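Trainee: Take a look and give me a structure for this.
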Amino acid sequence: MEDFTITEWIIAGAILIFILAVLYWKFRKELKFLMKKSEAEGTIINWMAAVQAGKKVYYPMIEFDAPDKGRIAFRAEEMCEGEPMYPRGTKVKIIYLPEDPEVRKVIYPTI
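Mentor: Reported below is the predicted structural model:
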């Protein structure tokens with residue numbers, strides 16, 4: 001087996017740094033979310049009905065307390081068809097960024 005020259009090591013290192021930089025750029029928001037996330041307990045306070053493609057769908061309206069931001073209510077992105085999956089008052093876990101509670105994920109209880 002032939003030994004690598006210094007030039008080959010530099011080229012290999014530069015390629016590795018480039019690949020890592022591209023991966024970081026692509027996943028920077030997800031990494032920030034994973035590193036700085038906070039958790040809070042939320043509650044389904046209501047359901048918003050809509051019609052999409054001729055089908056009735058329901059979006060949960062959720063409320064939670066975020067320190068320094070107060071009580072936050074929002075319509076979740078997840079939906080269900082036919083009828084709501086959970087009753088009002090169901091507790092859910094909210095994972096969010098403290099500096100931007102608009103960036104969040106809802107964890108629903110298992111049925």
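
Trainee: Report the separation between Tyr86 and Cys80.
Mentor: Tyr86 sits at a distance of 9 Å from Cys80 (criterion: CB to CB, to the nearest Å). Bear in mind the C-beta positions are built from the backbone N, C-alpha and C, glycine included.

Trainee: Name the helix or strand for Met48, please.
Mentor: Using DSSP states H and E, the element containing Met48 is strand 38-52.

Trainee: Counting by contacts, list what that strand packs against.
Mentor: Using 3 or more CB pairs under 8 Å, 6 or more residues apart in numbering; DSSP states H and E as the contact definition, the elements that strand 38-52 packs against are strand 55-66, strand 91-97.

Trainee: Take those strands and lay them out in TSV including mean neighbour count, distance to Ile17 and mean pLDDT.
Mentor: Listed next are the helices and strands packed on strand 38-52 as TSV, based on neighbours: other CB atoms under 10 Å; distance: least, CB to CB, whole Å; pLDDT from 0 to 100:
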stretch	mean neighbour count	distance to Ile17	mean pLDDT
strand 55-66	17	38	94
strand 91-97	18	28	94
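
Trainee: Good, we can wrap up now.
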